[in-house]
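Peer 1: Give the three-dimensional model of this entry:
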Amino acid sequence: MPPTPARWNSTTASPADRPPDPPAPPRKIQTPKSKLQTTKSTTSTATTSAATASANSAADSATDSATNSAAAAPDILRPEQFSAFIQAEQKALIDALGVRKAAYLCNYTPLELLNAAGVRHARLFKGGSSAQTAAGELFTQSIFCDFTKSCIGGFEQGDPFYKAFDKVYNFHTCATMKRATEVIELFTPTRLLNLPKLRDSGDSRNFFHSEILQFRDDLVELAGRPVTDDAVRAEIIVYNKLRLLLRKFSELRKRANPPLTGRAFLDIARAYYYVEPRKLLPICERLCKHYETLPASPPSPGQRQIRLMVAGSIMADGDRRILDIVENELGARVVIEDHCAGARPFYHTIPETGDPCLALANGYLDQSPCARQRPLSDAIDFSARLAQDYNVDGVLYIFLKFCACYGVSQKDFIARFHQLGLPVLALSNDYSESDRGQLLTRIEAFLDVIREKQTNLATHEHTHTLDA
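Peer 2: Now for the predicted structure:
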């Protein structure tokens, strides 16, 4: 069974020439009766039957669309082929005419609404370039993390992909990303929505529901077309299928000899943020079946390959140097990630019946939380369960320098990993190349510690067997 969050589940300085967004009309949000019941059920049998029929119709429509997309899907049987595929999708988005385009920054953005509005969309999470970071630093302070700076730098440098969007959406997580949204407003229209920190609170869920409704209304204005409940339900079904499939992909790495490297999985996962889901589904289905049917490779002679978990701050699209050191130079294997560009976003499912916007509000609050959310113990418990489920030998806890979420909370995460008997190496990271040699030395020493631990354990077990 995949791990689930421990708690209850259901959870700018604008340019002067641009007028502010009109205030959304007040909405009456029903207070949840309890954590386990968000709305009081007064639905009649006839209404329930109609809702079920509507959901079934949406499911059939989603299935038909995915089937029709399968014929046009490119034949991809290797993760490295995704790079060329994604580049082609990015260019197609840039060149697309007659369609509105929206970008988003945070994983708490409901992609189902973007798709239901008929808006072309993608996540802005490029990173790893020191030049792009330096361009963004013109608008920030040095104490901002490099990911924040790179988000701004893409616009400042005139990246064609960043310039292609009509609007950028963000949910307020940390203060630096809020500032990034305000600066991006200098280049393209933005909308900053709020994300409550207390994900268990009924008031938080009511508030987030109202934010989701405002997000939907803003998309209606952007796209110039209505967003119906049936359309949203159909997208919920499709995205649930895609997240489940990507989670299944990740779980192939639970094998003793995983068929996928950590980098290969991230190459596949990044398509989730760039490719229309009905186009991506058949590609991932074929690729997953291909890897499922591969025979188990024989273990390497000598000690088994070290299995590592990477946890902490976002590992942006383009930030792969630590993965390359670990897997290509030192021969270890990253088998699971607990960050918002790895496997974590695929460990939640949105309810497919009922009020779809309420389902999105609860479902996205219920997803495996980042360290910004409270209680922090939910994020720590989830991370610990991943480490156990994937049978890791150690943890690389990587946080971006000046990260207010994962830098501040590192001690709490590390203490929990130590309780599990797992060695942890904490690495403060940025997008420069000047510390590459230091990173190589520290990671190599960490792997030596794990190997020594494995050797001592094997010796102890051998001695115990002889004594018996």
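
Peer 1: Which residue ranges of the protein form strands?
Peer 2: Ranges of strands in the chain, per DSSP state E, are 101-104, 120-123, 167-172, 190-194, 307-312, 333-338, 394-400, 424-429.

Peer 1: Return the list of strands paired to the longest one, each annotated with direction.
Peer 2: Okay, so that is strand 394-400. strand 307-312 (parallel), strand 424-429 (parallel) (DSSP bridges).

Peer 1: most packed of these?
Peer 2: Most buried of the strands paired with strand 394-400, by mean neighbour count (mean count of other Cβ atoms under 10 Å): strand 307-312, with a mean of 26. Using the backbone N, CA and C atoms, a C-beta is placed for each residue, glycine as well.

Peer 1: So what touches that strand?
Peer 2: With contacts defined as Cβ atoms under 8 Å, 6 or more residues apart in numbering, strand 307-312 is touched by 262, 322-323, 326, 332-339, 342, 383, 386-387, 390-399, 403, 406, 410, 413.

Peer 1: Could you figure out how far that strand is turned away from strand 333-338?
Peer 2: 30 degrees (axes from the mean of the first three to the mean of the last three Cα atoms, to 10 degrees).

Peer 1: to the chain's geometric centre, what's the distance from strand 307-312?
Peer 2: 15 Å (Cα atoms, centre = their mean, to the nearest Å).

Peer 1: what does stretch 225-240 give?
Peer 2: 20 Å.

Peer 1: Can you point out the buried residues in that stretch?
Peer 2: 227, 231-240 (16 or more other Cβ atoms under 10 Å).

Peer 1: Same check on stretch 331-349?
Peer 2: 332-349.

Peer 1: And stretch 129-137, by the same measure?
Peer 2: 129-130, 132-137.

Peer 1: Those in helices, which ones?
Peer 2: Those of the buried residues of stretch 129-137 mapping onto helices are 130, 132-137, per DSSP state H.

Peer 1: JSON lines for the residues you listed, including distance to A116?
Peer 2: Below are these laid out as JSON lines (distance: Cβ to Cβ, whole Å):
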{"residue": "S130", "distance to A116": "38"}
{"residue": "Q132", "distance to A116": "32"}
{"residue": "T133", "distance to A116": "35"}
{"residue": "A134", "distance to A116": "38"}
{"residue": "A135", "distance to A116": "34"}
{"residue": "G136", "distance to A116": "32"}
{"residue": "E137", "distance to A116": "37"}
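
Peer 1: What is the nearest of those residues to Y274?
Peer 2: Q132 (17.8 Å; Cβ to Cβ).

Peer 1: any idea how far the closest one is from S150?
Peer 2: Distance, Q132 to S150, using Cβ to Cβ, to the nearest Å: 5 Å.

Peer 1: Take the strands of the chain and lay them out in TSV including distance to G154 and mean pLDDT.
Peer 2: Shown next, in TSV, are the strands of the chain (distance: least, Cβ to Cβ, whole Å; pLDDT from 0 to 100):
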stretch	distance to G154	mean pLDDT
strand 101-104	10	98
strand 120-123	12	98
strand 167-172	11	96
strand 190-194	14	96
strand 307-312	23	97
strand 333-338	23	96
strand 394-400	17	96
strand 424-429	19	96
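
Peer 1: follow-up on the earlier one: identify the contacts common to Q132 and S150.
Peer 2: 126, 431.

Peer 1: still on that earlier bit, so for E251, which of the strands of the chain sits nearest?
Peer 2: Among the strands of the chain, strand 333-338 sits nearest to E251 (Cβ to Cβ), with 9.2 Å.

Peer 1: which residues are contacting that closest one?
Peer 2: 250, 253-254, 258, 261-263, 265-266, 305-312, 315, 323, 326-327, 342-344, 368, 382-383, 386-387, 389-392, 396.

Peer 1: Now with 7 Å, please.
Peer 2: Under the contact criterion Cβ atoms under 7 Å, 6 or more residues apart in numbering, strand 333-338 has outside partners 250, 253, 258, 261-262, 305-311, 323, 326-327, 343-344, 383, 386, 390, 392.

Peer 1: still on that earlier bit, from the ones in helices among the buried residues of stretch 129-137, pick the one nearest R278.
Peer 2: Q132 (31.5 Å).

Peer 1: Local confidence estimate at that closest one?
Peer 2: In this model, Q132 is scored at 94, pLDDT.

Peer 1: if I pick it, what's in contact with it?
Peer 2: 150, 153-154, 157.

Peer 1: ok, and the most crowded of these?
Peer 2: S150 (29 neighbours; other Cβ atoms under 10 Å).

Peer 1: Surely that residue touches L124?
Peer 2: No. Taking contacts as Cβ atoms under 7 Å, S150 lies outside contact range of L124: 9.2 Å.

Peer 1: how much space between R451 and Q438?
Peer 2: Applying Cβ to Cβ to R451 and Q438 gives a distance of 21 Å.

Peer 1: ok, these two, which is more surrounded?
Peer 2: R451 (14 against 10).

Peer 1: Check the more buried one and give its pLDDT.
Peer 2: 93.

Peer 1: again with P19
Peer 2: pLDDT, read off for P19, is 42.

Peer 1: how about JSON lines for the strands paired with strand 394-400, with distance to F165 added?
Peer 2: Shown next, in JSON lines, are the strands paired with strand 394-400 (distance: least, Cβ to Cβ, whole Å):
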{"stretch": "strand 307-312", "distance to F165": "28"}
{"stretch": "strand 424-429", "distance to F165": "28"}
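
Peer 1: Quick one: closest of those to R120.
Peer 2: strand 307-312 (30.7 Å).

Peer 1: can I get the CA coordinates of the closest one in CSV?
Peer 2: Taking Å, rounded to 0.1, in the frame of the first residue of the first chain, the C-alpha atoms of strand 307-312 are listed here in CSV:
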residue,chain,number,x,y,z
ARG,A,307,19.8,2.6,-2.1
LEU,A,308,19.3,6.3,-1.3
MET,A,309,16.4,8.6,-0.7
VAL,A,310,16.5,12.3,-1.6
ALA,A,311,14.4,14.5,0.6
GLY,A,312,14.0,18.3,1.0
